[in-house]
Each structure stands twice: as C-alpha cells, then as structure tokens.
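1. just coords:
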C-alpha cells in the first residue's frame, strides 16, 4: 500500500482540524505516493530513531511530537532537527506526526492514559465543538473502587514508569474521580476542580500552579514523556487494523531527554 493510505487512516482517527492553533501536526517530510515498506512508531523523532528506521527497512516514521515545530530557515546540520531532516530525505524516509489532533481525538492520548489507569465512564474534560462527535482536551473518569491518595499515587508511578512523581500536599480524601491530560496539561487544572475531580494527573506543572490548588485538588505530575509514551500503542492499533500485512514496529529508542539521578 502507499504511505498516503496509512496517513489517511491516521487522519480519519485524528483529523488535522482538531489540532491546536500553535501546532504543526501532519506531514513533516517526504512523498506519500511511495509504497510503504514498514512503519516505525515513536513519541519523538531523533537521529537514533531515523537510524533505526534505516536499519529496519521502514520508510515511514509516525511520531506524536512533530519534528518540525518552529520554522526552519536553513538546513545545514547545525542541530538534531536539521540532521534528522537531511538523513530522512537522503534515505527516502517519510515522517508524519499526529500531535494535538491526537490529544483532542476521542480514543486518543488521554483516553489511552485513562485506559491504563482502569478508569470508567471516561469523558472529555474540556470539549471542542466538533461535528463528528466528542473531542477536546483532557478527560475525566472514575475508578472502579476508591483508593487512598498514597495508594493511587504509587500505582500511578508504577503504571507510567515514572522515575520521579511530583505531587501536591495530600488532602486526606480518597480518590475516585480522576481528571488527566497528557503532556503539558496544567491549563486544565481549574476545569478539573470545577468538575469535582479528586486528583489531576498530567505530565508537567509549573511551580506556582501547585499553590493555587493546594488543599482543594491533589495534583500529580508524572513527566511529559511518561504521560504520552503509550501513544505508540494507538498508532499501532490504527495501522495494524487497516494494514495487517505491513511491518509495524515500536521504536526501541527511549527518546526521553530527561534523566533521573
């Protein structure tokens, strides 16, 4: 099949109009009329990931974070973005990214996080007007059984393999209603409180945001990469269901640039 067919399948699941205004989701590099030899799935495109695509014979890389986010005014190899562009073009590799459109899609990043935590009655936290059904930022859901704050936080850390879990002051309440948003989701903390959530889980929170919700909402910060790492599973399911004969691989490279001592 042509790469265009794979891109079409991804965009049916997460249409590009769902992306936020600041984003640059969609085609990054290459020609979609090429025949697909394999798809390599990742969170971030790095030089190691492009090398892996070359080694495994995959001429399509599907990433969550766009490789080209800001304008590129020259391609001289001065940084990893330019080197990835040069290497991908030289080796005939197409790069496609589904970013905030996948965040906002039903069944996307936040729904996958909710699935990993075993949440029920999952709903969009901040809906967008969308003609084809429910879409928007973040989700809420309920645990099958209430959990203690420390019990939930411990399970959260284990589920997402967080090297360091940051959280606000414990409130003394049990956890049942959970609000969450992958990546940098702190902008939804107020909405989570309005919706009566016991805890808000996201990848990144600014220092002063903890003060605003101290005692009112338990805030848990698990890391940007950690919160979105299972995005690869979404890509895998979409492509496998439509093209079961294609060689589909999840990258072996841990692209998290943050390390823990």
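-> Done, it's in. What you see is a predicted model, and the numbers here were worked out from it, not measured in a lab.
2. what's the pLDDT at residue 132?
-> What the model reports for residue 132 is a pLDDT of 74.
3. now do residue 4
-> Predicted confidence (pLDDT) for residue 4: 97.
4. what does residue 71 give?
-> So residue 71 comes in at 85 (pLDDT).
5. Can you tell me how far the nearest residue to residue 169 once chain neighbours are set aside is from residue 208?
-> Nearest residue to residue 169, sequence neighbours excluded (CB to CB, 6 or more residues apart in numbering): residue 214, at 5.6 Å. In this view, the C-beta of every residue, glycine as well, is placed from N, C-alpha and C. Per CB to CB, to the nearest Å, residue 214 is found 11 Å from residue 208.
6. Neighbour count for those two, which is higher?
-> Set residue 214 next to residue 208 and count neighbours by other CB atoms under 10 Å: residue 214 wins out with 13 against 7.
7. Now the phi/psi pair for the more buried one, please.
-> Per-residue torsions, residue 214: phi -60, psi 120 (degrees, to the nearest 10).
8. isn't it right up against residue 167?
-> No. Applying CB atoms under 8 Å as the test, residue 214 and residue 167 come out as separate, 11.3 Å apart.
9. quick check: domain ranges of the protein?
-> 3-98+229-250, 106-221 (automatic domain parsing).
10. could you dump the ones you listed to CSV with distance to residue 259?
-> Formatted as CSV, these follow (distance: least, CB to CB, whole Å):
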stretch, distance to residue 259
domain 3-98+229-250, 15
domain 106-221, 8
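11. Out of those domains, the one nearest residue 261 is which?
-> domain 106-221 (9.1 Å; CB to CB).
12. Pull up the distance across that closest one, start to finish.
-> Taking CA to CA, to the nearest Å as the measure, domain 106-221 stretches 23 Å from start to finish.
13. which residues are contacting stretch 14-22?
-> Contacting residues not belonging to stretch 14-22 are listed as 25-26, 98-102, 104-105, 108, 128, 130, 132, 135 [CB atoms under 8 Å, 6 or more residues apart in numbering].
14. can you do 6 Å?
-> 25, 26, 98, 100, 101, 102, 104, 105, 135 (CB atoms under 6 Å, 6 or more residues apart in numbering).
15. Give me the spatial nearest neighbour of the third one, chain neighbours excluded.
-> Distances taken as CB to CB, 6+ apart put residue 14 closest to residue 98, at 4.9 Å, once the chain neighbours are dropped.
16. do you know how far the one you found is from residue 201?
-> For residue 14, the distance to residue 201 - CB to CB - is 21 Å.
17. tell me which residues in stretch 41-59 are buried?
-> For stretch 41-59, burial by neighbour count (16 or more other CB atoms under 10 Å) applies to 41-46, 48-50, 52-54, 58-59.
18. can you tell me which residue is nearest the centre of this structure?
-> The residue lying closest to the centre of the chain (CA atoms, centre = their mean) is residue 228, at 3.7 Å.
19. OK, contacts around the nearest residue to that residue once chain neighbours are set aside?
-> Nearest residue to residue 228, sequence neighbours excluded (CB to CB, 6+ apart): residue 182, at 4.6 Å. Shown in contact with residue 182 (CB under 6 Å, 6+ apart): 109, 110, 113, 203, 227, 228.
20. again, only using 7 Å
-> Listed by CB atoms under 7 Å, 6 or more residues apart in numbering, the contact partners of residue 182 are 103, 109, 110, 113, 203, 227, 228.
21. Give me the pLDDT for it.
-> Residue 182 is given a pLDDT of 98.
22. related to what we said a few turns ago, scan the contacts of residue 182 and report the most crowded one.
-> Busiest of those [other CB under 10 Å] is residue 110, holding 33 neighbours.
23. Let me know the pLDDT of that residue.
-> pLDDT, residue 110: 98.
24. host element of it?
-> According to DSSP states H and E, residue 110 maps onto helix 109-116.
25. For the residue nearest to residue 228, give its distance to residue 162.
-> Distance from residue 182 to residue 162, by CB to CB: 13 Å.
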